[in-house]
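Q: I'd like to go over a predicted model; first the sequence, then the structure.
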Amino acid sequence: MSQAPGTPKVHRFFLALLCLGGIHYTAPWPGPQAVLNTFLVLGLAPGFDSPLAGIAWAAAGGWVIEGSLRLYPHLGGTAFGNMLACLLAFSLLLRWPPHALKPYWGRQAVLVIVHTLLVQFSISFAAGAHTWGTGWLWSLVLIPAWATLALRLHPPLHRK
Amino acid sequence: MRQRGWGWSPIGRRRWTMAALLLGHLFWMGLGRGGSNRWQHLLNLLAAPPMAASSRWERWRAYRWQRVGNLNQAQADILALRAQVAALQTTREAEAPRVAEAGEAIRLLGLKRLLPLDFRAARVIANIRKAPFGGMILDQGEDVGLTPDQGVICPEGVVGRLWDVGMAQSSLLPLDAYNASTGVMLARSRATGVLQGLGPGKAAIRYIGNQEVVQVGEPVFTSGLDRVFPRGLLVGYVSAVQPHDVELHVEVVLAAPLDRLGLVLILPAHPQLEIQPPAGPAEPAAPGKQGGK
């Protein structure tokens, strides 16, 4: 079955845009907001052809979530953590392309933990002590949903 | 084979861009760490040049504004001063006759103190001296006891005599009138004669014998023989001397400024021949004479 080469890229672009809007509008609910951010950073951004585009989307997600929360005295920590996590996910996709769903869930679970640590460390570096919240737990619990969507609707690079 | 390089290739540019993005974020995050004094100091350092330029610009604007303000103030002051000068000039022109008359009155007052006579001051209200048989009109008349042939003088010298006296005005016959005659004497030779008018500002002395020595510039005083003026009032100065038959023709320039007289003094009728000047202030007694004999 053949597919137009530009179609997945456009879908990914609009889905990432939808995620940005969702992050902004789900600010009153930090749990679903964190899930959308994780999906954007670990599920959609590593799938772009260029890592530059991926980290740009990841940084945009970080700035939008911090701008909507308005919790920290100095912004930028989430964006930086998002970029590092996106680069890590991108390199993992290149080196070890996933072949099955459940191993991919496990890898995403590990990436969620790493992403959470990176983001919290970056926020601590940028803005000082802060509360962690339960967003990371929401992302872990809902891995079967967003990771499956990321793997099936928008196959990573190795499936093209 | 995948390109791995940081050179000027699409992949290299992408990598540099990613590195710049990451480092830019890292730098931005570092700005939020620690106390704000360090970054405030850095920002102040970076802002110093534009602040200096802005300060200079503001100072220049303030200086220019002050100069413009000063110029406007100066122009307003100039306009106000011009208005004041115009008003003062108008006032001065309006006051000029009174000021001149006041000055003349002061000089008359000084003359009045010098001569122990009962003077009466009068104002010249018309000067028609240059008209045929003209003279001057004074604002005093019979109502204050004036009579014809009273002498009239001014601080510079003798003016003339009263010719006709009306109820409230008098006509004055000046010395330079053709029909005016006044007894005079020369200052050096003491020779007496009769002064007759020759026209505006000039007169001639008659009946001076040609044996007399008369010098140009010699003062001429009243002789008092006409019983109109007392002896010793200044009449004028000799301007020319020419022998004429058995007498000298002595021309005199009158001392009184007949063209610009405003106030005059009228002598009493038939004054004394000699007038004594008032005594000066008493000299303090010598300290050695206080004991007396």
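A: Sure thing, it's come through.
Q: Every contact and neighbour count from this point should use C-alpha atoms.
A: Fine.
Q: right, and the secondary structure at residue A:132 would be what?
A: Judged by DSSP: H, G, I helix; E, B strand; the rest coil, the three-state class of residue A:132 is coil.
Q: can you pull the contacts of it?
A: residue A:120 (CA atoms under 8 Å, 6 or more residues apart in numbering or on different chains).
Q: and it, what pLDDT?
A: For residue A:132, the pLDDT comes out at 86.
Q: the strands in chain A, which residues?
A: Here chain A has no strands by DSSP state E.
Q: Mind telling me which residue is nearest the centre of it?
A: In chain A, the centroid-proximal residue (CA atoms, centre = their mean) is residue A:41; its distance is 1.6 Å.
Q: Any idea how many residues pack against the closest residue to that residue other than its chain neighbours?
A: Nearest residue to residue A:41, sequence neighbours excluded (CA to CA, 6 or more residues apart in numbering or on different chains): residue A:58, at 5.1 Å. Around residue A:58 there are 33 other residues, counting by other CA atoms under 10 Å in any protein chain shown.
Q: ok, back up a step: from residue A:79, how far off is the residue nearest to the centre of chain A?
A: Applying CA to CA, to the nearest Å, the value for residue A:41 to residue A:79 is 10 Å.
Q: shared neighbours of those two, which are they?
A: Listed as contacting both residue A:41 and residue A:79 by CA under 8 Å, 6+ apart are A:58, A:61.
Q: Look up phi and psi at the residue of the stretch 151-293 of chain B at minimum distance from chain A.
A: Going by CA to the nearest CA, chain A is nearest to residue B:262 of the stretch 151-293 of chain B, at 98.4 Å. Torsion angles at residue B:262 (phi, psi; degrees, to the nearest 10) stand at phi -120, psi -40.
Q: now the host helix or strand of residue B:77, how far from the chain's geometric center?
A: Assessed by DSSP states H and E, residue B:77 sits inside helix B:36-114. Counting by CA atoms, centre = their mean, to the nearest Å, helix B:36-114 is centred 27 Å from the centre of its parent chain.
Q: so the helix or strand following that helix versus helix B:36-114, what angle?
A: Sequence order places strand B:120-127 as the next helix or strand after helix B:36-114, per DSSP H and E. On the basis of axes from the mean of the first three to the mean of the last three CA atoms, to 10 degrees, strand B:120-127 is oriented at 100 degrees to helix B:36-114.
Q: List the strands paired with strand B:120-127, with their directions.
A: Strand B:120-127 has its sheet partners listed here by DSSP bridges as strand B:136-138 (antiparallel), strand B:263-266 (antiparallel).
Q: Make a markdown table out of those and add distance to residue B:253, mean neighbour count and mean pLDDT.
A: A markdown table is the format used below for the strands paired with strand B:120-127 (distance: least, CA to CA, whole Å; neighbours: other CA atoms under 10 Å in any protein chain shown; pLDDT from 0 to 100):
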| stretch | distance to residue B:253 | mean neighbour count | mean pLDDT |
| --- | --- | --- | --- |
| strand B:136-138 | 19 | 23 | 92 |
| strand B:263-266 | 19 | 23 | 91 |
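Q: Tabulate those strands in JSON lines, adding columns for distance to residue A:90.
A: Below are the strands paired with strand B:120-127 laid out as JSON lines (distance: least, CA to CA, whole Å):
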{"stretch": "strand B:136-138", "distance to residue A:90": "128"}
{"stretch": "strand B:263-266", "distance to residue A:90": "123"}
